[in-house]
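S.K.: Please find the sequence and the predicted model below.
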Amino acid sequence: MEQARFNMVEQQIRPWNVLDSRVLELLGKIKREQFVPPSKQGMAFMDIEIPLGYGASMWHPRLEARALQELQLKRGDSVLEVGSGSGYMAALLSYLAGQVTSVEIVPELNAFAEKNLAAHHVGNVELALGDAAQGWPGHYDAIILTGSVPVLPEAFQNSLKTGGRLFAIVGENQMMQARRITCLSPGVFESANLFETSVAPLQNALQPKRFVF
């Protein structure tokens, strides 16, 4: 198991320009195999998405690690996660930040994440059952969307504190870009396209306006 974890880090994650020592060390502390569905544990370290059911999946390990690195979390940061899934990303966030609010629309996944986080004694994650695909109340130092959105709602960037970072995957079909948005000052944002990827969309994601002939 530990050899498989080592291989995941060295063969998948480091080559994807994940060099932050805090992130790399964390991957050894939070046991990914304990957050996947029991029938999928043999897939825990593979370079694939792991289906969770209900249209949701765990990201590739390299994508999880890269997203964490891009958020540049600091101890004391408040974080919003949209899409709890298995709770694995929330657990990773909890070790790097101060307080995590994780919102899940599917009751069964919310319960799965709650069970997994409790088993790992994660105390600084607040799980919420609800629809956050187009925004969630509050202001945060970091926001991560774990499903893609065809259009990124302005509500998310407006929920960033000054200096806050948002990681989102924006686009449709196979034409998606991982994007980081930084709030430079109230109402002023800097956006950077990081890399191309493709993940399943959030339920009830904002849709682009379509031309009707």
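M.R.: In hand now; what should we look at? Numbers count the residues shown, from 1 in each chain.
S.K.: Return the residues in contact with the residue nearest the centre of the chain.
M.R.: What sits nearest the mean C-alpha location of the chain, by Cα atoms, centre = their mean, is Thr146, with 4.1 Å. By Cβ atoms under 8 Å, 6 or more residues apart in numbering, the residues touching Thr146 are 59, 81-85, 89, 199, 202. C-betas here are computed from N, CA, C, even on glycine.
S.K.: cool, Ala67 as well?
M.R.: So Ala67 contacts 59, 89, 144, 167, 178 (Cβ under 8 Å, 6+ apart).
S.K.: Repeat that for Ala44.
M.R.: 4, 32-33, 36, 50.
S.K.: and of these, the nearest to Leu63?
M.R.: Nearest to Leu63 among these: Ile50, at 11.9 Å, using Cβ to Cβ.
S.K.: Just give the number of residues close to Ala111.
M.R.: By other Cβ atoms under 10 Å, 14 other residues sit near Ala111.
S.K.: Same question for Val125.
M.R.: Neighbours of Val125 (other Cβ under 10 Å): 23.
S.K.: Hmm, Glu104 and it touching each other?
M.R.: No. Val125 lies out of contact with Glu104 (Cβ atoms under 8 Å); the separation is 11.5 Å.
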